[in-house]
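Trainee: sequence first, predicted coordinates after that:
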Amino acid sequence: QKDGYRFFMEKEIYEQADVITDTLLGRLSVDSVIFDELDKSLFEGINEIKLCACGTSYHSALSASYMFERYSKIKTSVEVASEFRYREPIMTNDTLFIVISQSGETADTLETLKMAKKAGLKTLVICNVDNSSMVRLADSSILTRAGVEKGVASTKAFATQVTIFWMLSLYVAKLKNSLTSDEIASQIHLLREVPASVKVSDAMHEKIKRLSKRYLHGHGFFFIGRDVFYPLALEGALKLKEISYLHAEGYPSGEMKHGPIALADPELFTIALLPQHLLYEKSKSNVEELSARDSTICAISPIEFDKADDYIRTKEHAHYMLEFFEMMVAVQLLSLEISIRLGNDVDMPRNLAKSVTVE
Ligand code: M6R
């Protein structure tokens with residue numbers, strides 16, 4: 001069943017190109033995104049989007065907030081479901097409430113969906129499981145088509161969620177005329193390149209396998225990035241925590257100097273996401289500051305960075321979102337290889353369940 005892979009997580013990382021192809025299938029024309037499952041009236045009278053989720057799905061929601069504001073020009077906020085449900089939130093009916101869940105059964109997320117429905121909001125779920133509780137409850141649903149995900153550490157579900165959000169932000173941009181037809185067409189062209197960008201190259205996997213042995217015995221990891229690479233940094237840190245049991249934190253690169261940099265020393269490993277097409281110089285200078293304080297740096301970038309101790313080279317892409325997807329694969333593989341070297345059960349990490357259906 002693992003088809004020669006050591007763990008389901010590894011198999012699922014390698015499956016990402018195929019499942020993203022499925023996610024895109026029939027949903028792209030030359031200059032528009034097609035969601036037959038959505039009624040266009042879903043967005044009528046909507047001035048705000050609120051996203052709510054847990055764990056990895058929360059990270060994809062956070063990445064969506066950048067895309068909805070940048071491309072769809074619609075005010076967007078993101079909430080951790082376990083917080084949202086108890087904090088007496090203000091909900092107005094010009095808000096579209098979107099929940100994100102691989103399983104569609106996560107108790108806290110399901111509860112927020114019930115709250116939003118009760119408050120009379122329009123609701124949408126982005127989910128991987130048809131006929132799950134959330135799909136049955138929400139007004140509308142978009143299925144991510146990632147297939148069954150067995151590894152407790154989510155990989156391909158995250159990849160397809162982010163793909164859907166990129167598409168949905170363009171779908172809304174078309175409805176709201178916030179991007180021109182040409183701009184949408186060129187982004188659709190890029191979307192078609194996502195499967196190729198997540199294809200695992202032997203060179204990258206081998207490099208990460210070799211490099212992983214340097215990263216087993218520090219006192220912690222920082223994953224840092226800016227803009228959409230910040231949610232990716234959070235996701236990289238979560239992956240590593242889940243399966244390696246090493247301490248890891250995701251941070252916006254610009255936050256380092258506000259406290260965390262005090263931890264910098266050679267035993268503090270910084271995994272720096274340095275895309276070419278988004279705030280490269282700003283991100284680089286944050287990494288230089290960490291390097292000057294002797295943190296061990298692993299740069300993930302298409303541009304070689306002389307202050308880095310290690311370097312995972314990504315390809316040159318035409319757009320930062322394609323860089324995002326390739327870097328996503330790099331952080332997934334890094335967690336996988338560190339966990340394997342530590343002798344852990346990658347697919348069944350201690351203390352965790354695939355689906356959290358109780359509070
Ligand atoms: O099924 P859901 O997407 O609602 O699950 C949410 C989280 O429990 C889940 O993403 C969790 O964080 C994963 N183990 C992450 O790898």
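Mentor: Okay, I see it.
Trainee: this protein: helices as residue ranges?
Mentor: Ranges of helices within the chain are 8-14, 16-24, 55-70, 81-84, 107-118, 133-137, 156-176, 181-191, 194-197, 202-212, 229-244, 280-292, 320-341, based on DSSP state H.
Trainee: which helices and strands does the longest one pack with?
Mentor: Contacts defined by 3 or more Cβ pairs under 8 Å, 6 or more residues apart in numbering; DSSP states H and E place helix 320-341 against helix 8-14, helix 156-176, helix 194-197, helix 202-212, helix 229-244, strand 268-273, strand 296-301. All C-beta spots, glycine's among them, are computed from the backbone N, C-alpha and C.
Trainee: mind doing that once more with 7 Å?
Mentor: helix 8-14, helix 194-197, helix 202-212, helix 229-244 (3 or more Cβ pairs under 7 Å, 6 or more residues apart in numbering; DSSP states H and E).
Trainee: repeat for the fourth one
Mentor: Here helix 81-84 touches strand 48-53, helix 107-118, going by 3+ Cβ pairs under 7 Å, 6+ apart.
Trainee: would you mind listing what in the stretch 151-300 of the chain touches the ligand?
Mentor: Within reach of the ligand by Cβ under 6 Å from any ligand atom, the stretch 151-300 of the chain has these residues: 152-154, 242.
Trainee: for the ligand, see how far away the closest residue to Val287 other than its chain neighbours is.
Mentor: Using Cβ to Cβ, 6 or more residues apart in numbering and skipping the chain neighbours, the partner closest in space to Val287 is Ala272 (4.5 Å). Distance, Ala272 to the ligand, by Cβ to the nearest ligand atom, to the nearest Å: 22 Å.
Trainee: what's the burial count for Ala272?
Mentor: Ala272 has 29 neighbouring residues, counting by other Cβ atoms under 10 Å.
Trainee: then Asp94?
Mentor: With other Cβ under 10 Å as criterion, Asp94 counts 11.
Trainee: next up, phi/psi of the closest residue to it other than its chain neighbours, please.
Mentor: Take Asp94 and drop its neighbours on the chain: the residue closest to it by Cβ to Cβ, 6+ apart is Asn47, 4.4 Å away. Backbone torsions of Asn47, given as degrees, to the nearest 10, read phi -110, psi -10.
Trainee: for whichever residue of the stretch 1-150 of the chain sits closest to the ligand, which non-adjacent residue is spatially closest?
Mentor: When scored by Cβ to the nearest ligand atom, the stretch 1-150 of the chain has Gly55 as its residue closest to the ligand, at 2.0 Å. Among residues not flanking Gly55 along the chain, Leu238 sits closest, at 6.9 Å (Cβ to Cβ, 6+ apart).
Trainee: how many neighbours does the one you found have?
Mentor: Should you count by other Cβ under 10 Å, Leu238 turns out to have 23 residues around it.
Trainee: from Ser82, how far off is the closest residue to Phe84 other than its chain neighbours?
Mentor: Spatial nearest neighbour of Phe84, excluding adjacent residues (Cβ to Cβ, 6+ apart): Thr112 at 5.1 Å. Distance, Thr112 to Ser82, using Cβ to Cβ, to the nearest Å: 9 Å.
Trainee: which of those two has more neighbours?
Mentor: Neighbour comparison, Thr112 and Ser82: the larger count goes to Thr112, with 26 against 18 (by other Cβ under 10 Å).
Trainee: buried set for stretch 172-184?
Mentor: For stretch 172-184, burial by neighbour count (16 or more other Cβ atoms under 10 Å) applies to 172-175, 178-179, 184.
Trainee: dump the residues you listed to a markdown table, plus pLDDT.
Mentor: Shown next, in a markdown table, are the buried residues of stretch 172-184 (pLDDT from 0 to 100):
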| residue | pLDDT |
| --- | --- |
| Val172 | 97 |
| Ala173 | 97 |
| Lys174 | 96 |
| Leu175 | 95 |
| Ser178 | 97 |
| Leu179 | 97 |
| Ile184 | 98 |
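Trainee: nearest to the ligand, of those?
Mentor: Val172 (22.3 Å).
Trainee: Ser72 is in contact with that closest one, correct?
Mentor: Yes: counting by Cβ atoms under 7 Å, Val172 touches Ser72, with 3.8 Å between them.
Trainee: let's have the helices and strands packed on helix 81-84 in CSV, adding mean pLDDT.
Mentor: Output for those, formatted as CSV (pLDDT from 0 to 100):
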stretch, mean pLDDT
strand 48-53, 98
helix 107-118, 97
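Trainee: mean neighbour count, those: which tops it?
Mentor: strand 48-53 (a mean of 24; mean count of other Cβ atoms under 10 Å).
Trainee: that strand pairs with which strands?
Mentor: Strand 48-53 pairs in its sheet with strand 75-80 (parallel), strand 95-101 (parallel), by DSSP bridges.
Trainee: deepest of the ones you listed, which one?
Mentor: Comparing those by mean neighbour count (mean count of other Cβ under 10 Å), strand 95-101 comes out on top with a mean of 28.
Trainee: outside of it, which residues touch it?
Mentor: 42-43, 46, 48-53, 57, 60-61, 109, 112-113, 116, 121-127, 134, 138, 161 (Cβ atoms under 7 Å, 6 or more residues apart in numbering).
Trainee: that's all I had, so thanks and see you.
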